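S.K.: using only what follows, build the 3D model:
(2 chains)
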Amino acid sequence: EAQVTQNPRYLITVTGKKLTVTCSQNMNHEYMSWYRQDPGLGLRQIYYSMNVEVTDKGDVPEGYKVSRKEKRNFPLILESPSPNQTSLYFCASSSLGGGASEQFFGPGTRLTVL
Amino acid sequence: AQSVTQLGSHVSVSEGALVLLRCNYSSSVPPYLFWYVQYPNQGLQLLLKYTTGATLVKGINGFEAEFKKSETSFHLTKPSAHMSDAAEYFCAVRPASGGYQKVTFGTGTKLQVIP
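M.R.: Numbering: from 1, shown residues only, chains lettered A, B, ... in the order given. Below is the predicted model:
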């Protein structure tokens, strides 16, 4: 089954404790992206990647890091989480397709930073 | 630069009534336009998209949207609402050339269907 998986689905942590949210897709997609969803703000893009070793900032990259060492994986790293990073996070992937391709979304990771 | 405006964060309709969710965009290059739906506690899934060609596009679950370049709009409609349509709907824009990597979403519209 074609899918995007994220782990963990729920995470409660404390300020400053480094964490990683994993994202994996099995569709051989070149493009992967991370979003955060906050009430009243919709989805905002954090980082995206066009292919292995190619990443770029989205609209809200501060406080986040990503890496793309393998095509299927795109982990999101919070090196020193703060309470304002409490949010619902989604990973998504698509083929490049010149921008016309739909994105496939993971189920989300709900992060709480105390 | 690009942006998306969804008018109305909450829309309520009666079961069987017309659904109209509004989306206006701003883009410096011709855009690709998308509508996604999010059911409670789930990720987003594609309803429909406009890329090129026919400006009236049909999607899943009886939804359709019309791209109106002169009005920079891409409103989502469904003739008759069903209880199962209750969800949050997001309009998104992606440039059709140049920096098509960046995707911008609207703030979402929660649709409530009243029996």
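S.K.: report the central residue of chain A.
M.R.: A:Trp34 (2.8 Å; CA atoms, centre = their mean).
S.K.: and that residue, what are its bridge partners?
M.R.: A:Tyr47, A:Cys91 (DSSP bridges).
S.K.: can you tell me how far it is from A:Lys57?
M.R.: 11 Å (CB to CB, to the nearest Å). Quick note: C-beta positions are derived from backbone N, CA and C, even for glycine.
S.K.: same check on B:Gly8?
M.R.: In this view, B:Gly8 and A:Lys57 are 31 Å apart by CB to CB.
S.K.: any chance you could map the strands in chain B?
M.R.: Using DSSP state E, the strands of chain B run over B:2-5, B:10-14, B:19-21, B:24-27, B:31-38, B:44-50, B:56-58, B:64-68, B:73-78, B:87-95, B:104-105, B:109-114.
S.K.: neighbouring strands of the first one in the sheet, and parallel or not?
M.R.: Looking back up the chat, that one is strand B:2-5. Counting by DSSP bridges, strand B:2-5 is paired with strand B:24-27 (antiparallel).
S.K.: starting at the chain centroid, how far to the strand it pairs with?
M.R.: 12 Å (CA atoms, centre = their mean, to the nearest Å).
S.K.: in that strand, what counts as buried?
M.R.: B:Asn24, B:Tyr25, B:Ser27 (16 or more other CB atoms under 10 Å in any protein chain shown).
S.K.: chain neighbours aside, what residue packs nearest to the first one?
M.R.: Spelled out, that is B:Asn24. Nearest non-adjacent residue to B:Asn24, counting by CB to CB, 6 or more residues apart in numbering or on different chains: B:Thr5, 4.7 Å away.
S.K.: ok, that neighbour - how many residues close by?
M.R.: By other CB atoms under 10 Å in any protein chain shown, 14 other residues sit near B:Thr5.
S.K.: with B:Leu18 instead?
M.R.: Counted by other CB under 10 Å, the residues lying close to B:Leu18 total 11.
S.K.: equivalent analysis for A:Met50, please.
M.R.: With other CB under 10 Å as criterion, A:Met50 counts 16.
S.K.: could you do A:Asn84 as well?
M.R.: As a measure of burial, A:Asn84 has 10 neighbours, counting by other CB under 10 Å.
S.K.: distance of B:Phe67 from B:Gln2?
M.R.: Separation of B:Phe67 from B:Gln2 (CB to CB): 15 Å.
S.K.: more neighbours, these two?
M.R.: Neighbours were counted for B:Phe67 and for B:Gln2 using other CB under 10 Å; B:Phe67 has more, 22 against 17.
S.K.: quick check, pLDDT for that one.
M.R.: For B:Phe67, the model assigns a pLDDT of 93.
S.K.: again, but for B:Ser27
M.R.: Reading off the model, B:Ser27 has pLDDT 81.
S.K.: residues contacting it?
M.R.: Applying CB atoms under 8 Å, 6 or more residues apart in numbering or on different chains, we find B:Ser27 in contact with B:Ala1, B:Gln2, B:Ser3, B:Thr72, B:Val93, B:Pro95.
S.K.: for A:Gln25, same thing?
M.R.: Counted by CB under 8 Å, 6+ apart, A:Gln25 has contacts A:Gln3, A:Val4, A:Thr5, A:Met32, A:Arg72, A:Phe74, A:Cys91, A:Ser93, A:Phe104.
S.K.: if any of the residues you listed are buried, give me the ChimeraX selection for them.
M.R.: Buried residues within the contacts of A:Gln25, by 16+ other CB under 10 Å, are selected in ChimeraX with:
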select /A:4,32,72,74,91,93,104
